[in-house]
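Visitor: Give the three-dimensional model of this entry:
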Amino acid sequence: MKFVIKKFVTMVITIIMVTLFVFIAFNLISGDAAISSLGTQATPERIESLRNELGLNDPVLVQYGRWAINFLKGDMGISYSYRMPVSTMIMDKVPVTLTMALIAFVLMLIFSIPVGIYTSKHEDGWIDRSIIIINQILMAIPPFFSGILITFLFGRLLKLFTPGGYISYDKNIFGFIGYMFFPALAIALPKATMAVKMLRSSVLKEAKLDYVRTAYSKGNSTNEVFYHHVLKNAMLPVITFFGMTLTDMIAGSIIVEQVFSVPGLGRILLTSISNRDYPVVMAIIVIISVMVLLINMLVDILYSVLDPRISIEDK
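Guide: Residues are numbered from 1 along each chain as shown. As a prediction, this is how the structure comes out:
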C-alpha cells in the first residue's frame, strides 16, 4: 500500500511539474494562440477580443490554475484551432500511438532476447562478431531514416503495404495492425540492437561472478547454470532498460508517425505546438506522462517478482 501511495504522489507531482513547465514555456516563446486561431481573419480588435474570451490576458499561474481545475473535473478544454473538445480530438488517437508502441516493443523482445542470449553463449565466435557489426550499423540509424528505408523497400519495391495508405482500426482491425507493423519496425530496430548489446554485456558480466563457479562445482550442467542462475540475474538491469524503452517508444514516435502518415498523438501534437494550441498540447502531455509513470511502476513490481530480495516498499 505504501508503494502505491508513494507512486501516486510521485505521479501527481511529476505531472504538475511537467505541465507547469510546458505552460510557462508556451507563454515565453514567441507566437500567439489567438493569431494562430484566427489566421487570415486576424485583426487587432478580433485578436484582443479572442484573447479576452480565452483568458489569455490573465497571469500565467491563473491560466494554469483554471486549466488544472477544469482538467481534474474531466474537462480537457476546447481546441483553439479546431474549436472542438480536446477529448474528442485525441481519444481516438491514443489507441493508434499505443498500438504502434506495443507492436514495436514486442518486435524488440522477439529479436533482442534470443539474439542477446545466443551472442552471450557464443562469445567471440564469427556469428557473434558479425551480429556485433550489424548491431552497430543499425544502432546508428535513426528511426525516421529507417522508416524511409522500410517505406522504400517494403512499400515501393516489395509492395507489402501502400505508403501513406493508413487503415483505421475501427474500419479494419487486421489491416490496421498490418499497416502499423512497418512504422513499429522502424521504431523497434535501433532499440532492439541496444537491447542485444545490453543483454550480452549483462550476461557476460554475470557469468564471471563467484556464484557461477559454485553452481558448476555442484554438478549443474551448462544450460542449468545459464538459464536458472546467470540469465535470471542478468535480466534485472535489462528489464529496467525495457521499461525505459517502452516509455521512449510511446513518447518518441512523433517523427515516425510523420514518415508513415500515421494519425496518432505525435502528428496532432506537432500541429498543436505550431498553432500554440496549448489545451491540446497539455492534454497529450498528461496522457503520455501517465503512461510513462504507470510503465515505470510496473517495471518496479516486475523487478521485485524476479528478485524477491528487492522489496517494492523500499523503492
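Visitor: element containing the residue nearest to residue 15 when sequence neighbours are not counted, please.
Guide: Among residues not flanking residue 15 along the chain, residue 289 sits closest, at 5.2 Å (CB to CB, 6 or more residues apart in numbering). For every residue, glycine as well, the C-beta is placed using N, CA and C. Per DSSP states H and E: residue 289 is located in helix 278-306.
Visitor: List the buried residues of that helix.
Guide: Residues 278-289, 291-293, 295-297, 299-300, 302-304 are the ones in helix 278-306 that count as buried (16 or more other CB atoms under 10 Å).
Visitor: Residue 184 and residue 110, how far apart?
Guide: Counting by CB to CB, to the nearest Å, the gap from residue 184 to residue 110 is 11 Å.
Visitor: How is the chain divided into domains?
Guide: 15-88, 94-263 (automatic domain parsing).
Visitor: Please dump those domains into TSV; it should also carry mean neighbour count for every row.
Guide: As requested, the domains of the chain are exported to TSV (neighbours: other CB atoms under 10 Å):
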stretch	mean neighbour count
domain 15-88	14
domain 94-263	17
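Visitor: Now mean pLDDT and distance to residue 269 too, for these, in JSON lines please.
Guide: Shown next, in JSON lines, are those (pLDDT from 0 to 100; distance: least, CB to CB, whole Å):
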{"stretch": "domain 15-88", "mean pLDDT": "79", "distance to residue 269": "11"}
{"stretch": "domain 94-263", "mean pLDDT": "87", "distance to residue 269": "6"}
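Visitor: Throw those domains into TSV and include distance to residue 5, thanks.
Guide: Formatted as TSV, the domains of the chain follow (distance: least, CB to CB, whole Å):
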stretch	distance to residue 5
domain 15-88	16
domain 94-263	21
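Visitor: Could you point out the helix or strand that follows the helix ranked longest in the chain?
Guide: Longest helix of the chain, by residue count under DSSP state H: helix 173-207. Remark: after helix 173-207, the chain's next helix or strand is helix 210-217, criterion DSSP H and E.
Visitor: gap between that following helix and the chain center?
Guide: 39 Å (CA atoms, centre = their mean, to the nearest Å).
Visitor: now do stretch 239-250
Guide: Using CA atoms, centre = their mean, the offset of stretch 239-250 from its chain centre is 7 Å.
Visitor: same thing with stretch 254-269?
Guide: 13 Å.
Visitor: which residue packs closest to residue 248, ignoring adjacent ones?
Guide: residue 191 (7.4 Å).
Visitor: now residue 231
Guide: Nearest one to residue 231, counting by CB to CB, 6+ apart, is residue 203 at 6.5 Å.
Visitor: Would you enumerate the residues in contact with residue 116?
Guide: By CB atoms under 8 Å, 6 or more residues apart in numbering, the contact list for residue 116 reads 195-200, 203, 238.
Visitor: hang on, the earlier thing: I'd like to know how far the residue nearest to residue 15 sits from residue 212.
Guide: 41 Å.
Visitor: now residue 63
Guide: For residue 63 relative to residue 212 (CB to CB), the value is 59 Å.
Visitor: what's the answer for residue 283, then?
Guide: 50 Å.
Visitor: Also residue 123?
Guide: 14 Å.
Visitor: Could you say which helix or strand holds the residue nearest to residue 216 when sequence neighbours are not counted?
Guide: Spatially, and ignoring its direct neighbours in sequence, residue 216 is nearest to residue 225 (5.9 Å; CB to CB, 6+ apart). Assigned by DSSP H and E, residue 225 belongs to helix 222-225.
Visitor: Contacts made by that helix with the rest, please.
Guide: Under CB under 8 Å, 6+ apart, the answer for helix 222-225 is 212, 215-216.
Visitor: All set now, cheers.
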